[in-house]
Structures are given as C-alpha cells and as structure tokens.
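**Q** I would like the atomic coordinates for the input below:
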Amino acid sequence: MRRNTSISLLAVGHACVDIYQGAVAALIPFFVAERDYTYAVASGIVLAASLLSSVAQPVFGALTDRWAMPWLLPVSTLLGGVGIALSGLSGSYGLTLFFVAISGVGVAAYHPESARVARLASAGSHSAMGWFSLGGNIGFALAPLMVAAVIGQGSLRWTPVLVLPALVGVALCVPVLRMLARPRAGAAGARAPRGADDVAAFVKLSLAVVFRSIVFIGLSTFISLYARQRVQDSTTAGTAALFLLFLGGAVGSILGGSLADRYDRVHVCRWSYLLSVVAVAGVIHVPGPAMFLFVALTSAGLYVPFSLQVTLGQDYLPSRIGTASGVTLGLTVSIGGLVSPLLGHLADTTSLKAALTPLIAMPALSWLLFRALPEPTAPALRTAAPAPVRQEA
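**A** Residues are numbered from 1 along each chain as shown. Predicted structure coming up:
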C-alpha cells in the first residue's frame, strides 16, 4: 500500500515537471506567430531548453550516486516552472533563451534523483516504473492543452500562469520524501554495488536512446506546425496533433511495463522500435486525417521502451544508478533538442516535410542497436529489507 501511494505521488509529481518539457514545444507556434520567428530561430528555443539539460542530467546523476539529495525534487520542480513562466514576458530573444534554459536545468536536476527514488519505491517492479513514467507522459500531454488555454486567447504575457503545476509538484514532494525517509536513511551504510557494470552494453543503450530522442523531440517541435499545414492552417489541428503525440506515450508506458513483466525488456524494445519506423513514416507521408492515427501510434511505439530503458541502464551500471538514470532518462529529453535547429534550418531551405523525413531512420537505428544488447539480470529487490538500498547505492 505504501509502495502504491509513493509511486502514485511520484507519478503526479513527474507530470508536474514534464509539463514544462512539453510546454517548450507547445509554445513554439505562439513564438512564431507573435514574434515572426523563422523555423530555425524558433527551434533555437528548444535547443536552449536541451543544451544545458543534456550536460546537467548526467552531472546530477553522478552527484546523486555520491550523496542523497532529496531536496532536489522540490527545488528542481520549482525551477522548471519559474523558467517557463518568465519565458514570455520579454520580447528579447536572448532573455527568452535564458529563461527556457533555466527551466531545462530544473528538469535536468529532477530526473536522476526522481528515477532513483522511484526505483527504490517500486521494489524492482517494471509495471510500477511504467506508472512513474506514465506521470511524465501525462505531463507532456497536458502541456499543449494548458498552453493553448492560457496563451491561445491572449498573448505570451500570460506565461506566468504556467507556474501553477510547479507549485502543485512542490507540495507533492513533501509526503513522498517523508514516506521514503527511513529506507533512504539506511543507504549510507549499504553503498556497495551488486553486480558488475557492463559499460559496453550501456553505451549501446545510450546511443539507442539518443536516436529515439531525436525523432521524438523533432516531431514534438514541428508536428504542430506540420499539422496546421496539412489541415487547412488549423490551429486546432496543431494542438490536437501535439496532444496525441504526448498522450500516446501514456499508453506506451503502461504497455511497456506490462509486457516487460512477461517478456525480456530488450525483446520488447526491439519490436517497439521496429513498429515505430512504420508509424513515423505514416505521420510524415500518409495524407489526410489518417495522419493523426499515425501520430498516436508513433507516440505509443516510442514510449513502450521509455521506462524499460531506464531500468536497463540501471541494471547495466548497478554501481552507478544515478549516473545511469541521468543518462538514459536525461538524454531522452535533451539530445533531440540539439538536433532541432538543424531540422529547422532544413525546413527553412526546403519544406517541413523534407526536414522531417530523415526522422524515419532514427527508430531503425535504435532497433539495430537493441539487436546487439543482452538482457541483464537485475538484482532482486525487497521492500522490507536493506537490499533495495544496496541496489540503489
């Protein structure tokens, strides 16, 4: 019961943080419309959120391997919300980049520690980790609806209202940390790793995560604008496409956790990436409203491996759980943003369709890398003994 409560609160808190990842993409059409940004300039905003985050997440992961840092959860949640809240207040492009980057650092600081806490609270259950990931998916899905409701009928000056989910997330951190205080207090005396690190497998996994990140962040940056072009310049179509892209991840996360309780995680990820190749091609090239079906299928396909990649990374690097979480969970929301300006430049010089077409190859590359990965043997976790603390150290 205590585990279920902890995971539920962590999942809702995860949603409150990941709203701000989704909000960056959801704000792009409004920056383009209100400030006349080009595709390349607008995608620079995504780069700002991703650049510091991609570097900071492994750093925070390494720090949490050495010290328990539960205070990171409320502080980082608030930082993520404040950055987005301030992003629309100045017409200065430089200040906009700065505030979005601050939000990205907050998101970066949150994920490694939250993944460690969730792994401890889940006692090794793939389904429980799937529910934790589901929270992030819901946050992503709610972001375009929230941004449209707040900004759609006004202007970017309303962005301060977007800080509200962060305040909720901060409040939720308190009971979670109290519930898990006793198990984490025992970690100081049980930090010896169990099992040997498989660095080669972890590197291959990380590359697969990078390719998954490129296709997902690339689509989330431009799918709203692309859907508007495909459906008679409809703002509603753009919001719907982005909502489906994020909401489909909720299905994928739960499905991934359930499948991993029955089959090998690596096997599940291979099939998911293979099916994602077809789904991404459908998003870009299938005409008419059928595009929205393929958007949902793409989201589900890319999110089935999401929580599984986090636990795979932790099992490949059992002596550095925080670092593994920072890389696998962090790269999924960071590296793709580094490629977005290149896609934006290509879209400016050719078309959005031409710029998005190379994304079809990304899940294929992830599939190839997963073909070379072994299924690790995860150490057993028990909720009532110090074993889970030893696992997390």
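**Q** just checking, what packs against the host helix or strand of residue 150?
**A** According to DSSP states H and E, residue 150 maps onto helix 126-151. Helix 126-151 sits against helix 2-35, helix 93-122, helix 235-260, helix 306-316, with contacts defined as 3 or more CB pairs under 8 Å, 6 or more residues apart in numbering; DSSP states H and E. C-betas here are computed from N, CA, C, even on glycine.
**Q** What angle do helix 2-35 and that helix make with each other?
**A** Interaxial angle, helix 126-151 versus helix 2-35 (axes from the mean of the first three to the mean of the last three CA atoms, to 10 degrees): 30 degrees.
**Q** got the buried residues for helix 126-151?
**A** Residues 126-148, 150-151 are the ones in helix 126-151 that count as buried (16 or more other CB atoms under 10 Å).
**Q** now the helix or strand hosting residue 368: mean pLDDT?
**A** Element membership for residue 368 (DSSP H and E) is helix 361-370. The pLDDT scores in helix 361-370 average 95.
**Q** cool, stretch 310-322 as well?
**A** Rounded mean pLDDT across stretch 310-322 is 84.
**Q** Can you find the helix or strand of this structure with the lowest average pLDDT?
**A** helix 387-392 (a mean of 37; mean pLDDT, DSSP states H and E).
**Q** Quick check: phi and psi at residue 305.
**A** phi -80, psi -10 (degrees, to the nearest 10).
**Q** do you know how far it is from residue 351?
**A** Using CB to CB, to the nearest Å, one gets 30 Å for the distance from residue 305 to residue 351.
**Q** Check residue 242 too.
**A** For residue 242, the distance to residue 351 equals 20 Å [CB to CB].
**Q** which regions of the stretch 151-300 of the chain lie under the pLDDT threshold?
**A** In the predicted model of the stretch 151-300 of the chain, residues 180-195, 233-234 satisfy pLDDT under 70.
**Q** Which stretches in it count as helices?
**A** 164-179, 181-185, 199-230, 235-260, 265-285, 290-303 (DSSP state H, counting those that start in this stretch).
**Q** Tell me which of these lies nearest to residue 90.
**A** Comparison of the helices of the stretch 151-300 of the chain against residue 90 by CB to CB identifies helix 164-179 as nearest, at 19.7 Å.
**Q** How about the closest one, which residues are buried there?
**A** Neighbour-count burial for helix 164-179 [16+ other CB under 10 Å]: 165-166, 169-170, 172-173, 176-177, 179.
**Q** In JSON lines, list those residues along with distance to residue 276.
**A** Shown next, in JSON lines, are the buried residues of helix 164-179 (distance: CB to CB, whole Å):
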{"residue": "165", "distance to residue 276": "29"}
{"residue": "166", "distance to residue 276": "31"}
{"residue": "169", "distance to residue 276": "30"}
{"residue": "170", "distance to residue 276": "35"}
{"residue": "172", "distance to residue 276": "32"}
{"residue": "173", "distance to residue 276": "33"}
{"residue": "176", "distance to residue 276": "33"}
{"residue": "177", "distance to residue 276": "36"}
{"residue": "179", "distance to residue 276": "36"}
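**Q** What ranges in the stretch 1-150 of the chain fall below the confidence cut-off?
**A** In the stretch 1-150 of the chain (pLDDT under 70), the answer is 1-3, 123-124.
**Q** Try it again at 90.
**A** Applying pLDDT under 90 to the stretch 1-150 of the chain flags the ranges 1-15, 17-18, 20-73, 87-94, 96-97, 101, 104-145, 147-150.
**Q** that older thread, just curious, which of the buried residues of helix 164-179 is nearest to residue 228?
**A** Ranked by distance to residue 228 (CB to CB), the buried residues of helix 164-179 are led by residue 165 at 25.7 Å.
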